[in-house]
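Novice: Please find the sequence and the predicted model below.
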Amino acid sequence: MSPTPQCSECSGREAALYVALELSATTWLVASGVGPGTAIRRVTVEAGDRAGFLAEVRRARARWGLAAEAPVRGCYEAGRDAFWVHRWLTAAGVTNVVVDSSSIEVSRRARRAKTDRLDAEQLLRLLWRYWQGERGVWHVVHVPSEALEDARHHERLVATLVRERTRWRNRIHGVLATRGVRLRLDAQFLTRLAQVRDWAQAPLPVGLVARVRSLWAQLTLVQTQLREARRAQRVAVRAARAVPPTPTAAAPPEVVAARLQHLRGIAAGSALTLAKEVFSRDLRNRREVGALSGLVPVPYQSGAAARDQGISRAGLRPLRGLLVQLAWQWLKWQPDSALARWYAARFGAGGARPRKIGIVALARRLLIALWRYQHTGVVPHGAVLRATA
């Protein structure tokens, strides 16, 4: 006996085709159906084969007896392909949502089966529930405009260059450490490298010196690119300072960054990152702001058991590191602000561990305060503005 559809949209004038995409580097697994209680059709197409996907949609409509103009509702998990698939699906007439993969419910068994087929079927079932009204079944990712997505590349390039700089510096130190040598990596590094002696007061081997020189050339290139990228940030923010500091959600990121720089302790790079990664999003309240940073506590309570599981670590991972650094700078440049006094009273008298825990809490509170400052113009209590705006 064939299963009977339980959804009123499975037939009739308002019938729709539901499609879940499981994306990988080489293939797309397309799972389709018309509603809960019906069979699921699974077809694999080559990754990026748009014509193949549209042909499968037409075959699926025919398989389920849907009209040629029946609406198509799709979904896929945010990942390597980012948002171009969503934009293409939308242009093709598909009502699509991009899903945060960490918000998808999974079995709590210690060992659970996981394959592309099972993941696609799970996505499709959740898509049915989503369109039946369960909006909390997962978290839908906000898709930025193409212009804003492109503008974020510069700040992400700076973050990549900082990591690369650290990587090359560590490699140089590691190679020199094999001979018991420590050298400062500054403008006179190559001169000192030619004169330094190892642990036995012997000249450094030729092969080691050649390798260090090659690593130094890579480090120099990265540092040059990093200086140019940071200079471009400062120029962009400086040019935007001519705009009056009126809070508005539609302001360009450079204008938002210039307004943030009115506060002491916030540099151009940090201001631009916050403007593009945080304040450009449609965040409605402080809870959403905190959740985006991943610096919110995750309690565990079940009956008599209750414990703290630390922070969620969701949202934007690079943002958390920036916020912690910004919180330390805030303590230095805004010592009389309410946030700095709160930190000093709560964690200042403790050891290193309580201060590190407290700086995470301060980073979350600081982000919320800066978000309010950006949207309402209310300066964080006790904060000092720069002498020249």
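Specialist: Structure's in. What do you need?
Novice: How far does stretch 211-224 sit from its chain's centre?
Specialist: Chain-centre distance of stretch 211-224: 29 Å, with Cα atoms, centre = their mean, to the nearest Å.
Novice: show me where pLDDT drops low in the protein?
Specialist: 1-14, 243-250, 388-389 (pLDDT under 70).
Novice: which residues of it fall in helices?
Specialist: Applying DSSP state H to the chain gives helices spanning 50-63, 84-91, 116-131, 146-177, 189-195, 206-240, 253-260, 268-277, 286-293, 317-333, 338-347, 352-376.
Novice: For Ala306, which of these is the nearest?
Specialist: Ala306 lies closest, by Cβ to Cβ, to one member of these: helix 352-376, at 18.3 Å. Every residue, glycine included, has its C-beta placed from N, CA and C.
Novice: Compute the inter-axis angle for the closest one and helix 317-333.
Specialist: 100 degrees (axes from the mean of the first three to the mean of the last three Cα atoms, to 10 degrees).
Novice: Give me the helices and strands touching helix 352-376, please.
Specialist: Packing contacts for helix 352-376, counted by 3 or more Cβ pairs under 8 Å, 6 or more residues apart in numbering; DSSP states H and E, involve helix 253-260, helix 286-293, helix 317-333, helix 338-347.
Novice: which residues are contacting it?
Specialist: Helix 352-376 has contacts (Cβ atoms under 8 Å, 6 or more residues apart in numbering) with 247, 249, 256, 259-260, 263, 274, 278-279, 283, 286, 289-290, 293, 295-296, 311, 320, 323-324, 326-328, 330-331, 339, 342-343, 346-348, 350, 378-380.
Novice: Wait, Gln122 touches Ile104, no?
Specialist: Yes. Between Gln122 and Ile104 a contact is recorded at 7.1 Å, counting by Cβ atoms under 8 Å.
Novice: higher neighbour count, those two?
Specialist: Neighbour totals were compared for Gln122 and Ile104, and Gln122 leads with 18 against 15 (other Cβ atoms under 10 Å).
Novice: can you pull the contacts of the more buried one?
Specialist: Gln122 neighbours (Cβ under 8 Å, 6+ apart): Ile104.
Novice: For burial, what's the neighbour tally of Gly310?
Specialist: Neighbours around Gly310, by other Cβ under 10 Å: 10.
Novice: these two touch, right, it and Val298?
Specialist: Yes. If you go by Cβ under 8 Å, Gly310 and Val298 touch, sitting 6.5 Å apart.
Novice: Go ahead and confirm Gln261 touches Ala240.
Specialist: No. Using Cβ under 8 Å as the test, Gln261 is too far from Ala240 to be in contact (9.3 Å).
Novice: Please identify which of the two sits among more neighbours.
Specialist: Gln261 (24 against 20).
Novice: what sits against the closest residue to the more buried one other than its chain neighbours?
Specialist: Leaving aside its sequence neighbours, Gln261 sits nearest to Ala271 (Cβ to Cβ, 6 or more residues apart in numbering; 5.1 Å). Residues counted as contacts of Ala271 (Cβ under 8 Å, 6+ apart) are 237, 256-258, 260-261.
Novice: Would you convert those residues into TSV that also reports distance to Ala67?
Specialist: Conversion of the contacts of Ala271 to TSV gives the following (distance: Cβ to Cβ, whole Å):
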residue	distance to Ala67
Val237	54
Val256	47
Ala257	50
Ala258	53
Leu260	52
Gln261	56
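Novice: Mind checking which of the residues you listed are buried?
Specialist: If you count burial by 16 or more other Cβ atoms under 10 Å, the buried members of those come out as 237, 256-258, 260-261.
Novice: Quick one: closest of the helices and strands packed on helix 352-376 to His139.
Specialist: Each of the helices and strands packed on helix 352-376 was scored for nearness to His139 using Cβ to Cβ, and the closest is helix 286-293 (9.2 Å).
Novice: Give me the buried positions along that closest one.
Specialist: 289-293.
Novice: Between these, which sits nearest Trp138?
Specialist: Ala291 (14.3 Å).
Novice: Got the domain ranges for this structure?
Specialist: According to automatic domain parsing, the chain comprises the domains 8-137, 146-240, 247-389.
Novice: Centre of the chain to the second one, how far?
Specialist: Right, the one you point to is domain 146-240. Centre-to-centre, domain 146-240 and its host chain are 26 Å apart (Cα atoms, centre = their mean).
Novice: Same check on the first one?
Specialist: Between the mean C-alpha location of domain 8-137 and the chain-wide mean there is a distance of 24 Å, by Cα atoms, centre = their mean.
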